[in-house]
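Undergrad: the following block contains a protein sequence and its predicted model.
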Amino acid sequence: MNETPRDPGAPGAPDPTRSSGPPASRGPADASRPMRSGGGGGGRDRRGRRRPPAGPSGSGSGPRERASGERRGPGDSRGPRDARAARDSRGPRDNRGPRDSRGPRDNRGPRAARPPRVQPEGQAYAENRSRPIYPEARRGRPNAADGRRNGRPDGRGGPRWRTNPSPPARPAVPAGLPEMEEQEALPANPREAALKILHAADTRSAFSDRLLDGAHRLPNQDPRDEALVHELVKGTLRWRGRLDWVLDRLVHIGLSQVQPWIKNILRMGAYQILFLDRVPVHAAVDESVKLANQYGHPGTAGLVNSVLRRLAEEKDTITLPEGDDVASLAAWGSHPVWLTERWLARFGVAATRALLMADNRPVPVGLRVNTLRGTREQLIERLATEGVATTPARFSPDLLWIEGHHAPGRLNAFKQGLCTAQDESEALVSRLVAAQTHERVLDLCAAPGGKCTHLAEMMGDEGEVWAMERNEARVLALQNTVTRLGTHSVHVVQGDGRTYTFPMPFDRVLVDAPCTGLGVLARRADARWRKGPEMLEEMPPIQLDLLVAGGRRARPGGVLVYSVCSFEPEETTEVVEDFLDQNPQFVLESATGLLPDEVLDEHGFMRLTPHVHGCDGAFAARFRRT
């Protein structure tokens, strides 16, 4: 161990001129080096370089600072190295890049005085739990530097099951609040809170909707600040492609060369200038400059100031790309190039433009009435007493849309189990299953519980609904939903639906499989920037395995329903065709008569797209076992 020796003249220091034996720290490589003298000379190190003198001999002024590679003398057991202690008192050495990549300056004193930092386990605190987690679909291993999982499959063949280790102990945070990078709550400043969420989504692929849910649960929060945080995060993420196209022409070094904190400050400031009429331009610029000073340095603050002021002057003369080529459409519609190219070839120019715009619209929150406790009309009246205006959904008789910004978890009607949050496309899937009273039903991928509880409500809570989930944390969320809605016929089971053994067959089986989620890009604003075309190769094998497993559980004459929140062929019709090829005992059944004709295609499948139906995109197919 490389340690700093005591000054030979200090009290209690060993006499280096004694020859009772070689120093314990000297090995064969040290044998040819001369022993140090106790005077002011420095001697030489192993490379022959002269060491600095130790200071006045016998001064008793304490240990001198050692040169690199120098070892302690024998008997020196004074604890941590002085050089390390000195470094700790100054904070970590600055070898991590420019200041603006490391977050804001603070006044918390020397680093040694800060509380020990507990590293989160990847991004588990912001994990999107709206779909089951199947480890072989995750692309790569955690990166020790930033906790992201953004690699590619290793291609060794076969599913690679990865266990989820228990997260380390963490400091307590307010209930429902996802922890940020240092276990701290979001700042009170709404723009700074939005910036931290944007930075987490950009650099660590964190899920912005989970972080926003936690932000909305903060106590004593001004509703206006809450609405501003939500608008800044969702809007900046939706329009990030167009914002980047505009900013890249104003930043002299190119936007890609700007550090993440400053890049997201520019994006958020540009969004306010270009899209929010109620925010004064001077406020957008000034607040952005303050954040740049806090999260960067005076140079980056000057960059932000000049770029945003120039944008404000030129915003009425900016000409967006108007071409029908892929690059122009991707910038205009704020979508990744690979996805724009795919839709352009499949739908044509006009439909692609409409779909891109539909994904950029503000999405209302849907509430499905718990029919065990009331009707949709009664729920509308109850919400009106809480100051919440609603609109009945177009296709689902059980659903209504909230007007304005209201977090469902704060509504008394939600807390009392009178309703639950769900999109219209999801509510239609349960209608396709069409469970009847006293039947036994299996939901193979049940978390977070929207569909299995809907099935129980449609059965009058008379019968059995078995809700399967493999992830322990998602099982807890599923059980909470079941308890809140009071659906006593739902039985929650933890296990992998592909291998779990049930002793009995089921009258109806629902396989709401994990998917790319390309149908819900309007609701999950950050998803388009996290997903790549490789997902369309990774997900279909998992979907087919789950569908085959669900088919094994259906009794002869029983019904099997397959659904995904995507409308891509690889996850929809191609999975259906592969399943029918492998399982001739199943036949397709049309959804005609079970769902409105407007949501059915020519083959009898349920198929919804955001630009046509005004809700999330989804697909569902119904089979019967012969």
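TA: Everything's here; your move.

Undergrad: domain assignment for the chain?
TA: Residue ranges for the domains of the chain, per automatic domain parsing: 326-359, 366-421, 424-625.

Undergrad: looking at those, which is closest to Asp225?
TA: Across the domains of the chain, Asp225 has its closest neighbour in domain 366-421 (11.7 Å, C-beta to C-beta). For glycine as for every other residue, the C-beta is placed from the backbone atoms N, C-alpha and C.

Undergrad: quick one, helices of the stretch 451-600 of the chain?
TA: In the stretch 451-600 of the chain, the helices defined using DSSP state H, counting those that start in this stretch lie at 472-485, 527-530, 535-553, 573-582.

Undergrad: follow-up on the earlier one: would you tell me which one of the domains of the chain is buried the most?
TA: domain 424-625 (a mean of 20; mean count of other C-beta atoms under 10 Å).

Undergrad: quick one: end-to-end distance for that domain.
TA: End-to-end distance of domain 424-625 (C-alpha to C-alpha, to the nearest Å): 28 Å.

Undergrad: please apply the same query to stretch 545-559.
TA: End-to-end distance (C-alpha to C-alpha), stretch 545-559: 17 Å.

Undergrad: what about the strands in this protein?
TA: Per DSSP state E, the chain carries strands over the ranges 366-369, 390-392, 399-402, 419-421, 440-443, 464-469, 490-494, 506-512, 554-564, 586-589, 606-608, 618-625.

Undergrad: minimum distance to Ala358: which of these has it?
TA: strand 606-608 (11.3 Å).

Undergrad: low-confidence stretches in the stretch 151-300 of the chain?
TA: For the stretch 151-300 of the chain, applying pLDDT under 70 flags the ranges 151-184, 216-219.

Undergrad: now the helices for it?
TA: Assigned by DSSP H, counting those that start in this stretch, the helices in the stretch 151-300 of the chain fall at 190-204, 208-216, 223-238, 240-248, 260-275, 281-295, 298-314.

Undergrad: quick revisit: looking at the domains of the chain, which is nearest to Ala227?
TA: Ala227 lies closest to domain 366-421 among those, at 4.9 Å (C-beta to C-beta).

Undergrad: is it possible to get JSON lines of the strands of the chain that adds distance to Val304 and mean pLDDT?
TA: Output for the strands of the chain, formatted as JSON lines (distance: least, C-beta to C-beta, whole Å; pLDDT from 0 to 100):
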{"stretch": "strand 366-369", "distance to Val304": "38", "mean pLDDT": "98"}
{"stretch": "strand 390-392", "distance to Val304": "40", "mean pLDDT": "96"}
{"stretch": "strand 399-402", "distance to Val304": "35", "mean pLDDT": "97"}
{"stretch": "strand 419-421", "distance to Val304": "37", "mean pLDDT": "97"}
{"stretch": "strand 440-443", "distance to Val304": "49", "mean pLDDT": "98"}
{"stretch": "strand 464-469", "distance to Val304": "45", "mean pLDDT": "97"}
{"stretch": "strand 490-494", "distance to Val304": "49", "mean pLDDT": "97"}
{"stretch": "strand 506-512", "distance to Val304": "44", "mean pLDDT": "98"}
{"stretch": "strand 554-564", "distance to Val304": "42", "mean pLDDT": "98"}
{"stretch": "strand 586-589", "distance to Val304": "57", "mean pLDDT": "98"}
{"stretch": "strand 606-608", "distance to Val304": "41", "mean pLDDT": "98"}
{"stretch": "strand 618-625", "distance to Val304": "41", "mean pLDDT": "98"}
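
Undergrad: can you check which of the helices of the stretch 451-600 of the chain gets nearest to Pro514?
TA: helix 535-553 (6.4 Å).

Undergrad: counting contacts, what elements does the closest one pack onto?
TA: Packing contacts for helix 535-553, counted by 3 or more C-beta pairs under 8 Å, 6 or more residues apart in numbering; DSSP states H and E, involve strand 506-512, strand 554-564, helix 573-582.

Undergrad: any idea of the angle the longest one forms with helix 573-582?
TA: Orientation of strand 554-564 against helix 573-582 (axes from the mean of the first three to the mean of the last three C-alpha atoms, to 10 degrees) gives an angle of 160 degrees.

Undergrad: so what are the sheet partners of strand 554-564 and their directions?
TA: Looking at strand 554-564 with DSSP bridges, its partner strands are strand 506-512 (parallel), strand 618-625 (antiparallel).

Undergrad: quick check: angle from the first one to helix 535-553?
TA: In terms of direction (the same axes, to 10 degrees), strand 506-512 departs from helix 535-553 by 170 degrees.

Undergrad: what do you get for the longest one?
TA: For strand 618-625 against helix 535-553, the angle between stretch directions is 30 degrees (the same axes, to 10 degrees).

Undergrad: now the helices of the stretch 151-300 of the chain as TSV including distance to Gln479?
TA: Below are these laid out as TSV (distance: least, C-beta to C-beta, whole Å):
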stretch	distance to Gln479
helix 190-204	28
helix 208-216	18
helix 223-238	28
helix 240-248	36
helix 260-275	37
helix 281-295	40
helix 298-314	47
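
Undergrad: okay if I get those helices as JSON lines plus mean neighbour count and distance to Thr573?
TA: Output for the helices of the stretch 151-300 of the chain, formatted as JSON lines (neighbours: other C-beta atoms under 10 Å; distance: least, C-beta to C-beta, whole Å):
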{"stretch": "helix 190-204", "mean neighbour count": "24", "distance to Thr573": "32"}
{"stretch": "helix 208-216", "mean neighbour count": "22", "distance to Thr573": "29"}
{"stretch": "helix 223-238", "mean neighbour count": "21", "distance to Thr573": "29"}
{"stretch": "helix 240-248", "mean neighbour count": "20", "distance to Thr573": "29"}
{"stretch": "helix 260-275", "mean neighbour count": "24", "distance to Thr573": "37"}
{"stretch": "helix 281-295", "mean neighbour count": "19", "distance to Thr573": "46"}
{"stretch": "helix 298-314", "mean neighbour count": "17", "distance to Thr573": "45"}
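
Undergrad: and of those, who's closest to Pro503?
TA: Closest to Pro503 of the helices of the stretch 151-300 of the chain is helix 208-216 (C-beta to C-beta; 36.6 Å).

Undergrad: alpha carbons of that closest one, as PDB, please.
TA: Output of helix 208-216 as PDB, limited to C-alpha atoms (Å, rounded to 0.1, in the frame of the first residue of the first chain):
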ATOM      1  CA  SER A 208     -40.200  10.700 -17.600                       C
ATOM      2  CA  ASP A 209     -43.800   9.700 -16.800                       C
ATOM      3  CA  ARG A 210     -42.600   7.900 -13.600                       C
ATOM      4  CA  LEU A 211     -40.700  10.900 -12.500                       C
ATOM      5  CA  LEU A 212     -43.600  13.200 -13.300                       C
ATOM      6  CA  ASP A 213     -45.900  10.900 -11.300                       C
ATOM      7  CA  GLY A 214     -43.700  11.400  -8.300                       C
ATOM      8  CA  ALA A 215     -43.500  15.100  -8.800                       C
ATOM      9  CA  HIS A 216     -47.300  15.300  -8.800                       C
END
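
Undergrad: tell me what that helix is packed against?
TA: For helix 208-216, the packing partners by 3+ C-beta pairs under 8 Å, 6+ apart come out as helix 190-204, helix 223-238.

Undergrad: sorry, back to before: and the helices of the stretch 151-300 of the chain: which comes nearest Val475?
TA: Taking C-beta to C-beta, helix 208-216 is the member of the helices of the stretch 151-300 of the chain nearest to Val475, at 17.4 Å.

Undergrad: Ser566 and Leu211, how far apart?
TA: Distance, Ser566 to Leu211, using C-beta to C-beta, to the nearest Å: 24 Å.

Undergrad: same question, Gly519
TA: 22 Å.

Undergrad: equivalent analysis for Leu186, please.
TA: In terms of C-beta to C-beta, Leu186 sits 8 Å off from Leu211.

Undergrad: same check on Asp496?
TA: From Asp496 across to Leu211, the span is 29 Å (C-beta to C-beta).

Undergrad: so what's Phe502 up against?
TA: Neighbour list for Phe502: 442, 466, 553 [criterion: C-beta atoms under 8 Å, 6 or more residues apart in numbering].

Undergrad: cool, thanks, talk later.
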